[in-house]
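S.K.: Show me the folded form of this:
(one chain, ligands or ions: 2)
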Amino acid sequence: MSGYSIMLDLKGKRVLVVGGGKVAERKIQGLLEAEANVTIVSPSLTSKLVRHTEQNLCIWHSREFKPEDTMDAYIVVAASNSSEINQAVKEACKPHQLVNIADDPAGSSFHTAAAFKRGLLTISVSTSGASPSLAVRLRRELEESYSQEYEQFTYFLFDVRKKIIESSLNSNQKIKLLQEIASDSFFRAGNWEDEFNKLFH
Ligand SMILES: C[C@@]1(CC(=O)O)C2=NC(=C\c3[nH]c(c(CCC(=O)O)c3CC(=O)O)Cc3[nH]c(c(CC(=O)O)c3CCC(=O)O)/C=C3\N/C(=C\2)[C@@H](CCC(=O)O)[C@]3(C)CC(=O)O)/[C@H]1CCC(=O)O
Ligand SMILES: NC(=O)c1ccc[n+]([C@@H]2O[C@H](COP(=O)([O-])OP(=O)(O)OC[C@H]3O[C@@H](n4cnc5c(N)ncnc54)[C@H](O)[C@@H]3O)[C@@H](O)[C@H]2O)c1
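M.R.: Ligands and ions are numbered 1, 2, ... in the order given. Have a look, this model is predicted:
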């Protein structure tokens, strides 16, 4: 897979997850953070997923998968522990549906990246299935390199970028300023508002 990176808006979108084990739990965590509308079809659930359904964070059909479950789903994740069931899920999907098969990277239309957020910043790592363990290691290393302070920094950048774009500066001045406030030295200086006001009158 050559792999094209995008950020999907899943708010309110219907996502079907087949299986309720450890892998389903991990995928569902990310899907709920993205505010997707998650339906799980599985005869059993992990205790964490049971809590999610009790809190109405997702819908659970306590039974085996049926092909019609895939109807109307924007994304389908097959994470049962049976490769036959996972293949049946794939076969039930229409060509336009995004499908992730936990035990069949080549047969999936997308892979899940190892990702974390700092406010508006998302950092994700993919090895295209070569080594999920390497993706996890790099994600952990990057998490250490990009401190929690980046969360506030992204909100600061979001606000001042708007001010810069709407200002009467010419386009070269705007680009220079936008690059300056995104630089490592600016980030490290702290007092971002004060430093910005010195640069922007
Ligand atoms: C990143 C992450 C996101 C997530 O799942 O949310 C993710 N796998 C994670 C962890 C992980 N997965 C596995 C191990 C055990 C050690 C090892 O195998 O290295 C660990 C490590 C651990 O658990 O620590 C085993 C494994 N994974 C896949 C197969 C099937 C196969 O290869 O055939 C098997 C063998 C199954 C078996 O035993 O049969 C397949 C996929 N796993 C992917 C993503 C996609 C490619 C990502 C990429 O290459 O970058 C892809 C293709 C499809 C997909 O699932 O989307 C998440 C880390 C989240 C985080 O911590 O940040
Ligand atoms: N992609 C990844 O990151 C990754 C990592 C490890 C394992 N895997 C693969 O993911 C799959 C699931 O692993 P796991 O550790 O979560 O397994 P698990 O045994 O913890 O969970 C399997 C779940 O599938 C459900 N299930 C079984 N038959 C079903 C059916 N007919 N319909 C609906 N649900 C059904 C079970 O009730 C259970 O909830 C395995 O195929 C494994 O090889 C993928």
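S.K.: which parts of the protein sit against ligand 2?
M.R.: Among all residues of the chain, those adjacent to ligand 2 (criterion: Cβ under 6 Å from any ligand atom) are 18-24, 41-44, 64-65, 79-82, 85, 102-103, 132. C-beta coordinates here come from the backbone N, C-alpha and C atoms, glycine included.
S.K.: number of nearby residues for the residue in the chain positioned nearest to ligand 2?
M.R.: Using Cβ to the nearest ligand atom, the single residue of the chain nearest to ligand 2 is residue 21, 1.9 Å away. Number of residues near residue 21 (other Cβ atoms under 10 Å) recorded here: 16.
S.K.: in this protein, which spans are strands?
M.R.: Per DSSP state E, the chain carries strands over the ranges 14-18, 37-41, 59-61, 75-78, 98-101, 114-118, 121-125.
S.K.: So for the shortest one, what gets flagged as buried?
M.R.: Of the residues in strand 59-61, those with enough neighbours to count as buried (16 or more other Cβ atoms under 10 Å) are residue 60.
S.K.: Give me the sheet partners of that strand and which way each runs.
M.R.: strand 37-41 (parallel) (DSSP bridges).
S.K.: Dump the strand it pairs with to CSV, restricted to CA.
M.R.: Once non-C-alpha atoms are left out, strand 37-41 reads as follows in CSV (Å, rounded to 0.1, in the frame of the first residue of the first chain):
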residue,chain,number,x,y,z
ASN,A,37,-21.1,6.9,16.3
VAL,A,38,-19.9,3.4,17.2
THR,A,39,-21.9,0.2,16.9
ILE,A,40,-20.3,-3.0,18.1
VAL,A,41,-21.4,-6.5,17.0
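S.K.: Domain map for the chain?
M.R.: 14-112, 149-200 (automatic domain parsing).
S.K.: what about residue 113, distance to residue 152?
M.R.: Using Cβ to Cβ, to the nearest Å, one gets 24 Å for the distance from residue 113 to residue 152.
S.K.: Ramachandran angles for the nearest residue to residue 8 once chain neighbours are set aside?
M.R.: Distances taken as Cβ to Cβ, 6 or more residues apart in numbering put residue 34 closest to residue 8, at 7.4 Å, once the chain neighbours are dropped. Comment: the main-chain dihedrals of residue 34 come out as phi -90, psi 10, following degrees, to the nearest 10.
S.K.: what does the protein put close to ligand 1?
M.R.: Residues of the chain found near ligand 1, taking Cβ under 6 Å from any ligand atom as the criterion, are 26-27, 30, 100, 102-103, 105, 108, 111-112, 114, 126-133, 135-136, 139.
S.K.: Among these, the buried ones, what's the PyMOL command?
M.R.: In PyMOL, this line selects whichever of the residues of the chain next to ligand 1 come out buried by 16+ other Cβ under 10 Å:
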select buried, resi 27+100+102+108+112+114+126+127+135+139
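S.K.: now the angle from the longest helix seen in the chain to strand 121-125?
M.R.: Ranked by residue count and defined by DSSP state H, the top helix of the chain is helix 149-166. Our comparison of helix 149-166 with strand 121-125, counting by axes from the mean of the first three to the mean of the last three Cα atoms, to 10 degrees, yields an angle of 120 degrees.
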